[in-house]
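[1] here are the coordinates; sequence isn't available:
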């Protein structure tokens with residue numbers, strides 16, 4: 001090939017690389033946009049009675065960060081069962097106060113966590129690397145075993161926390177837990193259990209150009225964009241100082257269900273059950289009933305209960321306790 005032809009090919013490739021770099025830069029620069037406030041979620045959260053909530057305790061994760069949780073010892077003094085409780089997206093441990101109190105009253109020590117990136121744990125809206133939340137949970141279990149050496153562990157998760165609990169159940173850490181109770185779990189963007197993300201169901205607004213660019217760069221070994229905000233949530237303005245309204249790409253990817261949610265249910269160790277409210281604004285309760293029992297997952301639908309109500313309404317608490325009595 002003549003030198004001039006080689007030079008032309010080389011210049012053409014440089015031009016393509018330049019165009020691709022500009023395109024990725026533009027995609028990364030696309031701003032994350034907040035969705036309209038979803039008042040029903042805030043109103044539901046405000047119904048949770050936090051009176052009597054224990055002060056925050058802390059444990060040190062493997063990276064040296066002190067992470068927060070609330071400890072609810074079993075009221076009868078029992079030390080043989082522990083339930084770790086994971087809140088929904090943007091929230092913190094106090095969301096699980098009613099569940100934790102009810103479990104403690106029936107002899108199950110409850111540990112409601114501020115998941116890293118939320119509340120008093122770490123940098124709000126971000127984690128340091130993919131799957132760090134799994135490492136944090138393993139570190140918490142190891143820390144609790146120092147005081148509860150022979151206890152059996154369960155994992156309860158609400159919404160995004162329910163998706164995360166499914167991730168744990170199907171992963172290497174699943175064997176540390178004998179029971180998983182998923183409350184209105186978010187099973188991923190492709191799951192049939194999601195209501196249409198519009199109107200009363202628009203809770204999250206992902207920045208798709210930035211997400212696509214981050215994935216493409218990650219395949220090339222460029223991981224710094226994973227720290228950028230990638231999704232915003234529909235919190236009302238007055239709640240934003242208490243909640244985590246935006247997630248980085250790596251937090252968004254970690255605090256959710258696996259992409260293959262069906263396979264995750266099939267791979268799960270321990271008993272898995274799902275509880276949801278019939279009036280859930282974000283999730284389709286009927287879809288849980290049709291999609292999950294064929295996978296061997298029992299589903300309980302609580303009449304008249306919405307997405308937040310599954311964490312505090314007496315009817316929902318009764319269903320949660322029944323799951324622990326099985």
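    Structure received. Keep in mind it's a predicted model, so treat the numbers as computed, not measured.
[2] what ranges of the stretch 1-150 of the chain fall below the confidence cut-off?
    1-21 (pLDDT under 70).
[3] strands of that one, residue ranges please.
    56-60, 66-72, 81-86, 109-113 (DSSP state E, counting those that start in this stretch).
[4] identify whichever of those lies nearest to residue 179.
    Distance to residue 179, taken as CB to CB, is lowest for strand 81-86 among those, at 8.1 Å. From N, CA and C alone the C-beta is placed, and that goes for glycine too.
[5] give the buried residues for the closest one.
    With burial defined by 16 or more other CB atoms under 10 Å, the residues of strand 81-86 counted as buried are 81-86.
[6] what's it packed up against?
    helix 97-105, strand 109-113, helix 132-145, strand 152-158, helix 160-169 (3 or more CB pairs under 8 Å, 6 or more residues apart in numbering; DSSP states H and E).
[7] which residues touch it?
    The contact list for strand 81-86, computed with CB atoms under 8 Å, 6 or more residues apart in numbering, reads 74, 93, 96, 99-100, 103, 107-113, 115, 137, 140-141, 144, 148, 151-158, 161-162, 164-165, 177, 324.
[8] thought residue 266 was touching residue 295?
    Yes. Residue 266 lies in contact with residue 295 (CB atoms under 8 Å); the separation is 6.2 Å.
[9] mind listing what's buried along the helix or strand where residue 215 lies?
    Residue 215 is part of helix 208-219 when elements are defined by DSSP states H and E. Neighbour-count burial for helix 208-219, counted by 16+ other CB under 10 Å, picks out 209-211, 213-214, 217-218.
[10] and the next helix or strand past that helix?
    In N-to-C order, the element after helix 208-219 by DSSP H and E is strand 229-233.
[11] leaving out the residues flanking it, which one is nearest to residue 129?
    Nearest residue to residue 129 in three dimensions, chain neighbours excluded: residue 250, at 6.7 Å (CB to CB, 6 or more residues apart in numbering).
[12] what's the distance between the one you found and residue 230?
    9 Å (CB to CB, to the nearest Å).
[13] that older thread, between the helices and strands packed on strand 81-86, which one is closest to residue 191.
    helix 160-169 (8.9 Å).
[14] for that closest one, list every residue counted as buried.
    Under 16+ other CB under 10 Å, the buried positions of helix 160-169 are 160-169.
[15] coming back round to it: quick one: the helix holding residue 215 to strand 229-233, angle?
    140 degrees (axes from the mean of the first three to the mean of the last three CA atoms, to 10 degrees).
[16] and the helix or strand hosting residue 324, what does it pack onto?
    Element membership for residue 324 (DSSP H and E) is helix 314-325. Under the contact criterion of 3+ CB pairs under 8 Å, 6+ apart, helix 314-325 touches helix 97-105, strand 179-183, strand 271-277, strand 299-302.
[17] contacting residues around that helix?
    83, 98-99, 102-103, 106, 108, 154, 156, 179, 181, 183, 273, 275, 277, 300, 302-305, 309-310.
[18] ok so, going back, shouldn't the residue nearest to residue 129 be in contact with residue 130?
    Yes. Applying CB under 8 Å as the test, residue 250 and residue 130 come out as touching, 5.2 Å apart.
[19] still on that earlier bit, the helices and strands packed on helix 314-325: which one's closest to residue 196?
    strand 271-277 (16.9 Å).
[20] distance from the closest one to the middle of the chain?
    15 Å (CA atoms, centre = their mean, to the nearest Å).
[21] tell me the mean pLDDT over it?
    For strand 271-277, mean pLDDT is 97.
[22] distance from the helix or strand following that strand to the middle of the chain?
    Reading on from strand 271-277 to the C-terminus, the next helix or strand found by DSSP H and E is helix 285-291. When distances are taken as CA atoms, centre = their mean, helix 285-291 is centred 20 Å away from the chain's centroid.
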